[in-house]
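**Student:** here you go, sequence then predicted model.
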Amino acid sequence: MPQRIYVETTFVSYLTARPSRDLIVAAHQQLSHDWWDHCRNDYELCISQLVLQEAGDGDPQAAQERLKVLATMSLLEITEEAVELAEELVRAGALPEKAENDALHIAIAAAHRIPYLLTWNCRHMANATIRRQIEAICAGKGYKAPVICTPEELMEVKP
C-alpha cells in the first residue's frame, strides 16, 4: 500500500500554471512537473475540501485546470479535531492569523496521519524556522506532524 501524501493547493497551482518568465517560479514549475511525472504514482494523493475551494478560486479556466488534476485524489474530511489543531497552531504562534488556511492544511494532514504534506508555500509551511514549533504543537495535542516539503525534497533517487 503506497504512503499517503497531502497535496496542498500551491503544488497544483505551479503544476497547472502557464510557464513563468521568472526563473525561480519557472524552476518550481519544472520541479512540479518532474515530481508529477516521476513520483506521483508512488503515493496515494490526498486533498481536502479546503484544497478544492482554494483551487476553484481565481480565473475560471485556470481553476478548471487545477480542479481537473485534483479530481482523482482521495478527499479527506475536515474533522473537528483538525479544526481545533489548526486553531492551536495559530493561537500558539506557529503560524500568523492570516495563515489560518495554511494551519488547517497542516492540521488536516496531521489528524488523518498523513506522513507528507506537499507544498510550495515556503513562508508558512515548508519553513525550517517554524517546523519545530509545528511539530511540538502537534505532538502536544497527540498528533505527529506531517513532513512538510517541496516536490524537490520529496524526489527519491532511483537507480
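**Tutor:** Cool, the structure landed.
**Student:** going by C-alpha atoms from here, please, whenever you check contacts or count neighbours.
**Tutor:** OK.
**Student:** residues near Gln49, how many?
**Tutor:** 12 (other Cα atoms under 10 Å).
**Student:** where's it relative to Pro96, distance?
**Tutor:** 22 Å (Cα to Cα, to the nearest Å).
**Student:** next one: Trp35
**Tutor:** For Trp35 relative to Pro96 (Cα to Cα), the value is 30 Å.
**Student:** swap in Leu23?
**Tutor:** 29 Å.
**Student:** mind checking which of the two has more residues around it?
**Tutor:** Under the criterion of other Cα under 10 Å, the comparison of Leu23 against Pro96 puts Pro96 first, with 14 against 9.
**Student:** my guess is the more buried one contacts Val90. True?
**Tutor:** Yes. Taking Cα atoms under 8 Å as the definition, Pro96 is a contact partner of Val90 at 5.8 Å.
**Student:** which secondary structure elements does the longest helix along the chain contact?
**Tutor:** Longest helix of the chain, by residue count under DSSP state H: helix 23-38. Here helix 23-38 touches helix 9-16, going by 3 or more Cα pairs under 8 Å, 6 or more residues apart in numbering; DSSP states H and E.
**Student:** residues contacting Ile114?
**Tutor:** Neighbouring residues of Ile114 by Cα atoms under 8 Å, 6 or more residues apart in numbering: 4-6, 146.
**Student:** now for the closest residue in space to Gln29 that isn't next to it in sequence: which residues touch it?
**Tutor:** Using Cα to Cα, 6 or more residues apart in numbering and skipping the chain neighbours, the partner closest in space to Gln29 is Tyr14 (5.1 Å). Applying Cα under 8 Å, 6+ apart to Tyr14 gives the contacts 28-29, 32.
**Student:** if any of those are buried, put those into a PyMOL selection.
**Tutor:** Here is the PyMOL command that picks out the buried ones among the contacts of Tyr14, judged by 16 or more other Cα atoms under 10 Å:
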select buried, resi 28+29+32
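**Student:** want to throw the contacts of Tyr14 into TSV with distance to Ala55 and pLDDT?
**Tutor:** Converted to TSV, the contacts of Tyr14 look like this (distance: Cα to Cα, whole Å; pLDDT from 0 to 100):
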residue	distance to Ala55	pLDDT
His28	18	96
Gln29	16	97
Ser32	16	97
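**Student:** out of the contacts of Tyr14, flag the one nearest to Glu84.
**Tutor:** Ser32 (31.1 Å; Cα to Cα).
**Student:** grab the nearest non-local neighbour of the closest one.
**Tutor:** Leu15 (5.5 Å).
**Student:** good, wrapping up.
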